[in-house]
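> heads up, no residue letters with this:
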């Protein structure tokens with residue numbers, strides 16, 4: 001059995017930490033500085049990670065390739081199966097004219113103001129999609145909609161990525177919290193309540209923050225009532241649901257309440273018209289219909305999104321994902337590695353779930369096709385388009401998660417965690433960056449919690465700090481890494497003109513990711529040293 005070394009290089013934690021972080025540095029530099037496509041950047045990071053794992057951490061080659069293949073298979077199912085199914089739903093909506101109908105419904109029922117559209121769609125609507133799909137698909141679908149309303153592709157994608165933060169911690173029906181509880185042994189309801197309180201200020205802040213980036217402080221003065229309603233209703237519902245009802249429903253209910261309340265509020269209040277942010281006339285008309293194409297009421301544009309939300313909730317309630325679920329102990333890897341930091345063998349189990357969330361979304365796409373009367377030609381066109389949009393994302397995500405698993409099983413990730421946990425009095429400030437690193441690598445707050453949740457608790461006990469607070473900080477800090485995750489960005493650009501320009505997007509979001517993570521760290525410091 002291979003025992004992971006925590007300080008493998010020169011008996012120096014600092015040097016070992018820097019070497020462990022080198023694959024992350026390479027990926028960030030290749031994407032953000034050299035502006036290479038995400039697949040090239042993640043391939044570069046994987047190569048460096050493989051060299052470090054084998055030569056410095058002394059991971060046997062067989063275990064190295066077994067961990068990479070385990071990660072790549074996990075990236076296909078469930079991760080990209082969810083993303084591809086959601087893209088297929090989007091393409092069904094597009095082929096049947098319902099996506100354009102949704103755009104026209106938005107134009108008809110909201111003020112003619114791109115700033116308002118940005119908040120309602122980029123924040124409220126995207127959060128609702130995050131509650132059922134995630135893995136970058138809310139970013140792809142929402143940015144495509146904003147582009148149809150006249151936003152430049154880079155702006156649309158950047159702002160939606162920043163918006164896609166506060167909803168991530170509760171993910172699809174609270175799964176990240178459930179995993180965090182199972183890993184740490186801490187009660188899930190208490191974790192959910194703590195995370196809700198940590199993220200509430202950011203749910204209020206994010207609409208103001210993004211509108212300030214997009215349109216400046218003058219627009220904050222003009223739009224503050226709707227920004228407060230959108231962010232405030234989301235934050236209040238999130239706290240109430242996660243504390244008094246069920247953390248599982250927190251994201252779905254928070255986003256739904258925020259979306260409905262904001263739209264209703266805009267019926268009784270609207271900002272003063274501003275020609276600088278009015279939607280161009282070219283985007284105010286419905287796309288010309290092809291011969292024999294559907295033409296009908298705009299409310300039908302809601303059909304795909306209502307169907308997918310209902311199906312996923314029912315699917316989860318009936319526990320359909322458990323049917324046929326089979327744990328696969330990964331050959332040559334399962335319990336062949338000893339985690340020195342936790343003093344236990346490292347399991348390698350791939351949960352094969354043929355009826356998982358991705359299948360629920362795929363069924364939603366088929367139901368949408370039936371309800372909208374999609375022809376065989378439209379159905380086939382949606383499949384072909386999804387394949388064209390998604391193949392490069394599949395490769396990129398496979399490389400990214402392959403690297404994440406390699407770093408996990410070699411011990412490189414635990415060296416990073418051990419280094420951060422050894423910061424002593426500064427730990428409350430920097431602990432959020434553990435979650436940030438994990439979500440950057442895996443693109444998933446769920447995986448980030450599985451990776452570092454225990455480490456946060458162990459460090460908290462060692463430093464006589466609150467373990468619940470720091471397990472929660474791992475999840476809350478991780479959401480800020482979502483906007484720079486290669487997986488999230490790659491899926492997001494799949495439906496835009498920016499495919500292959502992921503580095504440009506990363507360069508736009510990176511500083512905001514760091515800044516917001518630091519703010520989250522200050523919140524944790526305040527909770528630990530002032531409130532407790």
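It's in. Just so you know, these numbers come straight off a predicted model, no measurement behind them.

> and the longest helix seen in the chain, what other elements does it pack with?
Using DSSP state H, we find that the single longest helix of the chain is helix 376-410. Using 3 or more C-beta pairs under 8 Å, 6 or more residues apart in numbering; DSSP states H and E as the contact test, the elements touching helix 376-410 are helix 13-28, helix 38-55, helix 61-74, helix 81-95, helix 357-371, helix 412-421, helix 432-442, helix 486-493. To be clear about C-beta, it is placed using only N, CA and C from the backbone, and glycine gets the same treatment.

> Go through that helix and flag the buried ones.
378-379, 381-382, 385-386, 389-390, 392-410 (16 or more other C-beta atoms under 10 Å).

> Specify the local secondary structure of residue 338.
Each residue gets one of three states, and residue 338 gets strand by DSSP: H, G, I helix; E, B strand; the rest coil.

> Tell me how many other residues crowd it.
Counted with other C-beta atoms under 10 Å, residues neighbouring residue 338 total 15.

> Which residues does it form beta bridges with?
Residues in a beta bridge with residue 338, per DSSP bridges, are residue 3, residue 345.

> mind checking how far it is from residue 54?
In this structure, residue 338 and residue 54 are 17 Å apart, going by C-beta to C-beta, to the nearest Å.

> same check, this time on residue 181
35 Å.

> Could you do residue 479 as well?
Here residue 479 is placed at a distance of 33 Å from residue 54 (C-beta to C-beta).

> So between the two, which is more surrounded?
Between residue 479 and residue 54, counted using other C-beta under 10 Å, residue 479 has the larger neighbour count: 31 against 17.

> Would you confirm that that one belongs to a helix?
Yes - according to three-state DSSP, residue 479 belongs to a helix.

> Could you measure from the residue nearest to residue 441 when sequence neighbours are not counted over to residue 444?
When the adjacent residues along the chain are set aside, residue 441 lies closest to residue 404, with 4.1 Å between them (C-beta to C-beta, 6 or more residues apart in numbering). Relative to residue 444, residue 404 is positioned 9 Å away (C-beta to C-beta).

> again, but for residue 141
As it turns out, when the distance is counted by C-beta to C-beta, residue 141 lies 18 Å from residue 444.

> three-state assignment of residue 351?
Here residue 351 is strand, with the state taken from three-state DSSP.

> can you pull up the bridge partners for it?
When assigned by DSSP bridges, residue 351 has beta-bridge partners residue 327.

> number of nearby residues for the closest residue in space to residue 436 that isn't next to it in sequence?
By the measure of C-beta to C-beta, 6+ apart, the closest residue to residue 436 outside its immediate chain neighbours is residue 481, 4.0 Å from it. Taking other C-beta under 10 Å as the neighbour definition, residue 481 ends up with a count of 29.

> OK, contacts around the residue nearest to residue 441?
When contacts are counted by C-beta atoms under 8 Å, 6 or more residues apart in numbering, residue 404 is found next to 71, 413, 441-442, 447.

> redo that, cut-off 6 Å
For residue 404, the contact set (C-beta atoms under 6 Å, 6 or more residues apart in numbering) comprises 71, 441-442.

> Between those residues, which has the least confident prediction?
Within the set of those, pLDDT is lowest for residue 442 (76).

> For it, list the residues it contacts.
Here residue 442 is in contact with residue 404 (criterion: C-beta under 6 Å, 6+ apart).

> The residue nearest to residue 298 when sequence neighbours are not counted in helix, strand or coil?
Nearest residue to residue 298 in three dimensions, chain neighbours excluded: residue 105, at 4.0 Å (C-beta to C-beta, 6+ apart). At residue 105, secondary structure determined by three-state DSSP is helix.

> got a pLDDT number for residue 105?
With respect to pLDDT, residue 105 scores 91.

> Surely it touches residue 303?
No - shown here, residue 105 and residue 303 do not form a contact pair, counting by C-beta atoms under 6 Å, at 11.0 Å.

> Check the gap between residue 170 and residue 40 for me.
Computed as C-beta to C-beta, the residue 170 to residue 40 distance reads 33 Å.

> More neighbours: those two, which one.
Between residue 170 and residue 40, counted using other C-beta under 10 Å, the more crowded position is residue 170 (33 against 18).

> can you pull the contacts of that one?
250-251.

> pLDDT score for it?
In the predicted model, residue 170 carries a pLDDT score of 80.

> Kindly report the same for residue 331.
On pLDDT, residue 331 comes in at 94.
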